[in-house]
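S.K.: Let me see the structure of the following:
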Amino acid sequence: MPSGTHAEVLNVPVDDVWNFVSDIDKWAPLMPGYVEHEILNDKESKWAFFGDIGIARKKIKLKVHIKTWQEPSLIEFDLTGLNEKFTGEGSFLAETADKDKTRMTGYLDIKAKGMRAPVINSVLKSFVPKQTRKLTESMAEKIKPRSQARN
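M.R.: Numbers count the residues shown, from 1 in each chain. As a prediction, the model looks like this:
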């Protein structure tokens, strides 16, 4: 599957990262190409965003199912395409790097299915790592000011 991993070291305690990452309403809008999201229940949400898949710009709708909420360090989720044949998974891991420093790692793994899958998956090999990096960096930027404002 096309996948991407990106890590950021933040000068904040792991609890600050968890307080942000554990609230989907805070980070869903940071997804590149974000259109909207809807929380269905404590484990499921629907997301819509625009993605540049090759030469086409498509509105992609996904269902996100949370598999693991492990405070204060891990969120794991499954992805299912609602308007396209996609499946995948992802996670956010927060690890204490040092006193008041946390390493936050974002991970996405997405695969297209169906007749066009070989072509789409070849495009996703570069798309998914870029999206993962952009999302993780955007989250890190939102977490930093929250901590700095306290000090």
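S.K.: Please enumerate the helices of this protein.
M.R.: For the chain, the helices defined by DSSP state H cover 14-21, 24-27, 117-150.
S.K.: Tell me which of these sits nearest to residue 94.
M.R.: Residue 94 lies closest to helix 14-21 among the helices of the chain, at 4.2 Å (Cβ to Cβ). For the C-beta atoms, the positions are set from N, CA and C on the backbone; glycine is no exception.
S.K.: Any idea how far that closest one is from the middle of the chain?
M.R.: On the basis of Cα atoms, centre = their mean, to the nearest Å, helix 14-21 is displaced by 15 Å from the centre of the chain it belongs to.
S.K.: Any idea how many residues pack against the closest residue to residue 132 other than its chain neighbours?
M.R.: Nearest in space to residue 132, with sequence neighbours left out and distances taken as Cβ to Cβ, 6 or more residues apart in numbering, is residue 4 at 3.3 Å. Applying other Cβ atoms under 10 Å, we find 23 residues neighbouring residue 4.
S.K.: what helices or strands is the strand ranked longest in the chain leaning on?
M.R.: Selection of the longest strand in the chain by residue count, based on DSSP state E, yields strand 56-70. The elements that strand 56-70 packs onto, with contact taken as 3 or more Cβ pairs under 8 Å, 6 or more residues apart in numbering; DSSP states H and E, are strand 44-53, strand 74-81, strand 86-98.
S.K.: Using JSON lines, lay out the ones you listed together with mean pLDDT.
M.R.: Shown next, in JSON lines, are these (pLDDT from 0 to 100):
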{"stretch": "strand 44-53", "mean pLDDT": "89"}
{"stretch": "strand 74-81", "mean pLDDT": "96"}
{"stretch": "strand 86-98", "mean pLDDT": "94"}
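S.K.: other SSEs contacting the lowest-mean-pLDDT helix or strand in the chain?
M.R.: Ranked by mean pLDDT, DSSP states H and E, the helix or strand of the chain with the weakest confidence is helix 117-150, at a mean of 84. Here helix 117-150 touches strand 3-10, helix 14-21, helix 24-27, strand 44-53, strand 101-112, going by 3+ Cβ pairs under 8 Å, 6+ apart.
S.K.: That's all I had, so thanks and see you.
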